[in-house]
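Novice: give me a 3D structure for the following:
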Amino acid sequence: MARRRKKRREDEEISYWLSYSDMMAGLLLMFVIVISFTMMQAKSQYEEDTRKLLSQQTTLEEQRRTLEEQRETMETQQTTLEEQETTLQSQQKELAEKEAALLTQSTQLEEAKTTLDTQQQTMDQQQKTLDEQTKELEAQKAAAAVQQKELQDKQATVDSQSEQLISQQLLLAQQTETLEEQQRQLDEQRSALQSQTVKLEEQQLKIESQQTQMQELIGIRTELVEALKQAFEGTAKVSVDSKTGAIMFDSNVLFDFNASELRPEGEDFLQDFLPEYFNVLLGDEFKDYVSEIIIEGHTDTDGDYLTNLEISQQRALAVASYCLEDEGGVIDEDVVETLRDIVTANGRSYSNPIYNDDGTINMDASRRVEIKFRLKEEEMVDQMMEILNEQQ
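Specialist: Below you'll find the predicted structure:
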């Protein structure tokens, strides 16, 4: 039972590298979905802001037309008011003239009474004339009273129109102030919309660039694995993982049992293997995409974990030292200089043994050295996550 659990755990560790490419494909799909959703939200927000802007512009135009009509109405009322004031002044002048005439007639009447004794003979004729003049005077007084009443009514109308004019002027001032405030808000919204549009375009360009680079990296891993398989096809002591491109060879080729110093035969093997391996991995086609080369030492399950960890680390370090020191000169100096920046050596003890078909541990196969590589995929994922965080 314990052996089955251990086998299950080891199978899960082995499946990590096999599922790495599938994980990156899923991550790319998730990234495309998130980007599409973000772009749809930004487009929807942009269209909504545009609709609001057009609606506000329409409202402003209607308010402007209303204000222009009110101004024209007020000007017409002002002209009517001036005409009424002119008519009123004319009527007041006419009334004054009639009152002066009436005063003159009253004076004449007094003079006629004074001369009544001397003009008794012509009394009847003058009396008739006086009656006619009195009737005319009464008619003039009645007409003057009517005109006075009309004048008062017109004055009341003028006062009412003046109050309406003042009220409309106040309303016009308020509407003008509101219009200016709405215009200011509209200008601010236009500025904000332009800023958001520029920012959206910049983010879109950055996302497209990152997506292109990610697609290139996914294609690069496939091409690199294929190139390694072609380079070492038919080599009995070398196995190339078709998923990850990891190189695995039996440590018995390089080391004696329970030893960590390279055998002469192991150095000869590395002299043949390493130049060809680095020629593929660090060639002009792939070197710009490689971020790390990992040399791992593995042991069988015989002995305790720490002892096996120490020997696995020493074996990985021995291979790494051979690559970096290269006293035989089989590796190009430029390649060695590059390796000093990207090579790491790790010991895994017996944490990842090789199993036979029947579930038992293959002790010989478990004693091995693996050379793996990492591309710049993780750095690209971090950059994409930063972009997504900025959009939120």
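Novice: average pLDDT across the host helix or strand of Q91?
Specialist: Q91 is part of helix 20-114, with elements assigned from DSSP states H and E. For helix 20-114, the mean pLDDT works out to 82.
Novice: tell me the helix or strand right after it.
Specialist: Next helix or strand after helix 20-114 toward the C-terminus (DSSP H and E): helix 123-231.
Novice: just the angle between that following helix and helix 20-114, please?
Specialist: Using axes from the mean of the first three to the mean of the last three CA atoms, to 10 degrees, the inter-axis angle of helix 123-231 relative to helix 20-114 is 170 degrees.
Novice: report pLDDT for the nearest residue to L109 once chain neighbours are set aside.
Specialist: Leaving aside its sequence neighbours, L109 sits nearest to L130 (CB to CB, 6 or more residues apart in numbering; 7.2 Å). No exception for glycine: its C-beta is placed from N, CA and C like everyone else's. Looking at L130, its pLDDT is 77.
Novice: L130 is in contact with A112, isn't it?
Specialist: Yes: L130 lies in contact with A112 (CB atoms under 8 Å); the separation is 7.1 Å.
Novice: where does pLDDT dip in the chain?
Specialist: Across the chain, the ranges flagged by pLDDT under 70 are 1-6, 203-218, 326-329, 377-392.
Novice: per-domain residue ranges of it.
Specialist: 46-207, 232-391 (automatic domain parsing).
Novice: now the shortest one, how far from the chain's geometric center?
Specialist: Taking the mean of its C-alpha atoms, domain 232-391 sits 45 Å from the chain's own mean (CA atoms, centre = their mean, to the nearest Å).
Novice: doesn't T360 make contact with D300?
Specialist: No: the criterion here is CB under 8 Å, and D300 misses it with T360 at 11.6 Å.
Novice: who has more neighbours, the two?
Specialist: D300 (19 against 10; other CB atoms under 10 Å).
Novice: that one belongs to a helix, doesn't it?
Specialist: No: judged by DSSP: H, G, I helix; E, B strand; the rest coil, D300 forms no part of a helix; its state is coil.
Novice: overlap in contacts, D300 and T360.
Specialist: When contacts are counted by CB atoms under 8 Å, 6 or more residues apart in numbering, D300 and T360 have no shared neighbour.
Novice: look up how far T115 lies from the residue of the chain positioned farthest from its centre.
Specialist: In terms of distance from the mean C-alpha position of the chain, Q121 ranks first, at 114.8 Å (CA atoms, centre = their mean). Q121 sits 12 Å away from T115, going by CB to CB, to the nearest Å.
Novice: just N352 next, same as before
Specialist: Taking CB to CB as the measure, N352 falls 153 Å from T115.
Novice: assign a three-state SS to the closest residue to W17 other than its chain neighbours, would you?
Specialist: Counting by CB to CB, 6+ apart, W17 lies nearest to T244, which is 4.3 Å off, once chain neighbours are set aside. Three-state call for T244 (three-state DSSP): coil.
Novice: so T244 sits right up against K372, yeah?
Specialist: Yes: the pair T244 and K372 passes the contact test of CB under 8 Å, sitting 6.8 Å apart.
Novice: anything in contact with each of those two?
Specialist: Common neighbours of T244 and K372 (CB under 8 Å, 6+ apart) are W17.
Novice: in the stretch 251-392 of the chain, which spans are helices?
Specialist: Ranges of helices in the stretch 251-392 of the chain, per DSSP state H, counting those that start in this stretch, are 264-281, 305-325, 333-342, 363-366, 377-391.
Novice: nearest to R221, of these?
Specialist: Closest to R221 of those is helix 377-391 (CB to CB; 7.8 Å).
Novice: what's the local residue count around Q140?
Specialist: Neighbours of Q140 using other CB under 10 Å come to 15.
Novice: equivalent analysis for H298, please.
Specialist: Look at H298: counted by other CB under 10 Å, it has 25 neighbours.
Novice: got it, and Q45?
Specialist: Neighbours around Q45, by other CB under 10 Å: 13.
Novice: M30 versus the residue lying closest to it once chain neighbours are set aside, what's the distance?
Specialist: Of all residues not flanking Q45 in the chain, Q196 sits nearest, at 7.9 Å (CB to CB, 6+ apart). Here Q196 is placed at a distance of 25 Å from M30 (CB to CB).
Novice: before we move on, what about I342?
Specialist: I342 is 29 Å from M30, by CB to CB.
Novice: those two: which is more packed in?
Specialist: I342 (15 against 10).
Novice: isn't that one right next to S291, touching?
Specialist: Yes: I342 lies in contact with S291 (CB under 8 Å); the separation is 6.7 Å.
Novice: tell me, what's touching those two both at once?
Specialist: The contact sets of I342 and S291 do not overlap (CB under 8 Å, 6+ apart).
Novice: contact partners for F286?
Specialist: By CB under 8 Å, 6+ apart, the contact list for F286 reads I220, E223, L224, A227, V280.
Novice: an error on my part: the question was meant for L172.
Specialist: L67, Q70, R71, M74.
Novice: which of the residues you listed lies closest to L54?
Specialist: Scanning the contacts of L172 for proximity to L54, where the rule is CB to CB, the winner is L67, at 20.4 Å.
Novice: just give the nearest non-adjacent residue to that closest one, would you?
Specialist: L67 sits nearest to Q175 (CB to CB, 6+ apart), 6.0 Å away.
Novice: for T38, see how far away the one you found is.
Specialist: In terms of CB to CB, Q175 sits 42 Å off from T38.
Novice: cool, Q271 as well?
Specialist: From Q271 to T38 the distance is 53 Å (CB to CB).
Novice: looking at those two, which is more packed in?
Specialist: T38 (18 against 15).
Novice: if I look at that one, how far off is L200?
Specialist: Distance from T38 to L200, by CB to CB: 10 Å.
Novice: what number of residues are in the vicinity of Y16?
Specialist: Other residues close to Y16 by other CB under 10 Å number 11.
Novice: secondary structure element holding it?
Specialist: With DSSP H and E as the test, Y16 turns up in helix 2-18.
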